[in-house]
Structures are given as C-alpha cells and as structure tokens.
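Enquirer: predicted model and sequence follow; I will ask about them next.
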Amino acid sequence: GEPVARDDAEAAAFYSLAEMVTMPLAGDVFEVAEELLGSQKNTGA
C-alpha cells in the first residue's frame, strides 16, 4: 500500500537484499525477503 500520513510507520522505503543484510530486522523478515526477491532473480522477473 501507499504510505499514509500519521500512520504508525516512522518511514517507508524500499531496500535491496544487500542493504537489508546489514539491518537489525525482526524474526524471519530477511529470510522472507530473500525468498521473495530471490525468486524474481531466478525467474528473470
């Protein structure tokens, strides 16, 4: 969705896997992103 003013998110942004690997992410966030983005790389999407 689109960022909404006064929403609970401090900031909205898009990150690459290379950027995400250096971030303190909750739980399995990186693994899920890697699975989703990795599938795009493998299918040429």
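Expert: Cool, got the structure. Just so it is clear, the structure is predicted and the values come from calculations on it, not from any experiment. Numbers count the residues shown, from 1 in each chain.
Enquirer: what mean pLDDT would you report for stretch 5-16?
Expert: Here stretch 5-16 scores 78 as its mean pLDDT.
Enquirer: actually stretch 26-33, not the one I typed
Expert: Stretch 26-33 comes out at a mean pLDDT of 95.
Enquirer: so which residues of the chain form helices?
Expert: Shown for the chain, the helices assigned by DSSP state H span residues 17-20, 29-43.
Enquirer: will you turn those into TSV that also has distance to Arg6?
Expert: (Glycine included, C-beta is placed from N, CA and C.) Shown next, in TSV, are the helices of the chain (distance: least, CB to CB, whole Å):
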stretch	distance to Arg6
helix 17-20	26
helix 29-43	24
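Enquirer: contacting residues for Val29?
Expert: Residues in contact with Val29, defined by CB atoms under 8 Å, 6 or more residues apart in numbering, are Met20.
Enquirer: from here on, call the first residue 34.
Expert: That works, and once the first residue is 34, the last one we named lands at Val62.
Enquirer: what about it, distance to Pro36?
Expert: Note on Val62: its distance to Pro36, by CB to CB, to the nearest Å, is 18 Å.
Enquirer: what's the answer for Ala51, then?
Expert: For Ala51 relative to Pro36 (CB to CB), the value is 23 Å.
Enquirer: what of Phe47?
Expert: 11 Å.
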